[in-house]
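**Student:** Have a look at this prediction, sequence included:
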Amino acid sequence: MIEAIGLTKRYGAKTAVDGVSFTVAPGKVTGFLGPNGAGKSTTMRMVVGLDRPTGGTVTVNGRPYAQHRSPLREVGALLDAKAVHTGRSAYNHLLAMAATHGVATSRVTEVIEMTGLEPVARKRVGGFSLGMGQRLGIASALLGDPRTLILDEPVNGLDPEGVLWVRNLVRYLAGEGRTVFLSSHLMSEMALTADHIIVIGRGRIIADAPVSDIVGRASGTTVRVRSPHATRLVELLSGPGITVTSSEPSSLEITGTTAQAIGETAASAQLVLHELTPVVSSLEDAYMSLTQDSVEYHSTTTGLHPHHLGAHAATTTPEGLAR
């Protein structure tokens with residue numbers, strides 16, 4: 001288990017992590033999400049004692065990381081896959097780690113097999129691809145057979161087979177009752193992998209809930225409608241809190257009301273509907289909604305045709321559908 005209470009980190013005048021409190025429980029995969037600069041890596045570094053908190057506390061399995069007698073057996077961490085002597089082979093790197101932490105040599109062979117490193121185990125790490133470097137980092141994290149795993153971007157550089165392997169691995173380890181805490185920029189992968197999500201923005205916790213709850217909050221607010229009477233339907237639905245957008249004349253996306261209410265309005269006016277579909281949000285939709293005010297740098301869409309921006313590019317009015 002990982003427990004942070006009022007965890008704070010300042011670098012001069014900049015507050016990277018601002019009084020965050022959270023618990024990462026064993027037996028499930030907890031995803032850690034946030035925009036660049038939100039404080040994810042700083043938080044993970046404080047968990048394993050690489051950065052000293054300015055304030056607050058963080059413990060792993062009941063005590064600060066530095067107080068564990070055999071930290072590799074308690075916590076396995078992948079924070080920087082490049083932090084390896086490039087002149088060593090993967091086997092010798094793991095062997096050196098095992099020797100300094102009292103881990104049996106047989107475990108080195110086990111993690112090499114577990115992570116698919118056998119073909120390159122005797123080769124210099126300096127010649128590794130990004131994906132093989134990630135596999136070595138994961139092997140290093142697993143070496144002590146730890147109760148807690150902290151993985152920062154573990155699928156970075158992996159091919160689809162490698163991404164699937166990481167997903168199955170972390171879910172298997174969580175199923176054994178271990179604590180698994182990982183970050184990723186791949187929202188689709190996090191949706192398939194994580195049971196619970198913690199979202200951080202500008203150094204503060206924005207959300208801390210099961211994946212289903214976070215997605216559920218973002219769902220049910222938009223309804224997709226297709227009708228040859230779209231203009232008339234917009235006139236009937238217009239009102240406070242209701243927004244209608246359109247990507248083509250007969251297609252609408254309506255927020256601020258329900259599919260049931262739209263259907264009843266159309267039926268009362270004898271308007272034909274070809275589609276009436278509540279839009280189910282993805283984890284990516286929910287994440288973008290949660291973090292829209294926490295992103296340090298926003299891209300612009302200057303020069304793009306509204307069609308390229310999706311359904312929310314054009315504002316719809318009763319006077320003329322696409323504006």
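**Tutor:** Sure, I can see it. Numbers count the residues shown, from 1 in each chain.

**Student:** Name the residues that touch the biggest helix by length in the chain?
**Tutor:** Ranked by residue count under DSSP state H, the longest helix found in the chain is helix 160-175. Here helix 160-175 makes contact (CB atoms under 8 Å, 6 or more residues apart in numbering) with 26-29, 114, 116, 131, 134-135, 138, 149, 151, 154-155, 158, 180, 182, 186, 189, 192-193, 195. (C-beta placed from N, C-alpha, C; glycine too.)

**Student:** for stretch 181-197, same thing?
**Tutor:** The contact list for stretch 181-197 (CB under 8 Å, 6+ apart) reads 2, 24-25, 28-33, 40-41, 44, 47, 148-155, 163, 166-167, 170-171, 174, 207-211, 214-215, 282-284, 287.

**Student:** on that earlier part again, buried residues in the longest helix of the chain?
**Tutor:** Applying a neighbour-count criterion of 16 or more other CB atoms under 10 Å, one finds 162-163, 165-167, 169-171, 173-174 buried in helix 160-175.

**Student:** Confirm residue 91 sits in a strand?
**Tutor:** No. Residue 91 is assigned helix when assessed by DSSP: H, G, I helix; E, B strand; the rest coil, not a strand.

**Student:** distance of residue 285 from residue 187?
**Tutor:** For residue 285, the distance to residue 187 equals 9 Å [CB to CB, to the nearest Å].

**Student:** List only buried entries from the contacts of stretch 181-197.
**Tutor:** Among the contacts of stretch 181-197, those buried by neighbour count (16+ other CB under 10 Å) are 2, 24, 28-33, 40-41, 44, 47, 148-155, 163, 166-167, 170-171, 174, 207-208, 211, 214-215, 283, 287.

**Student:** Just these: which are in strands?
**Tutor:** 2, 24, 29-33, 148-152, 207-208 (DSSP state E).

**Student:** sorry, back to before: average pLDDT for the longest helix of the chain?
**Tutor:** Averaging pLDDT along helix 160-175 gives 93.

**Student:** How about stretch 141-153?
**Tutor:** Stretch 141-153 shows a mean pLDDT of 95 in the predicted model.
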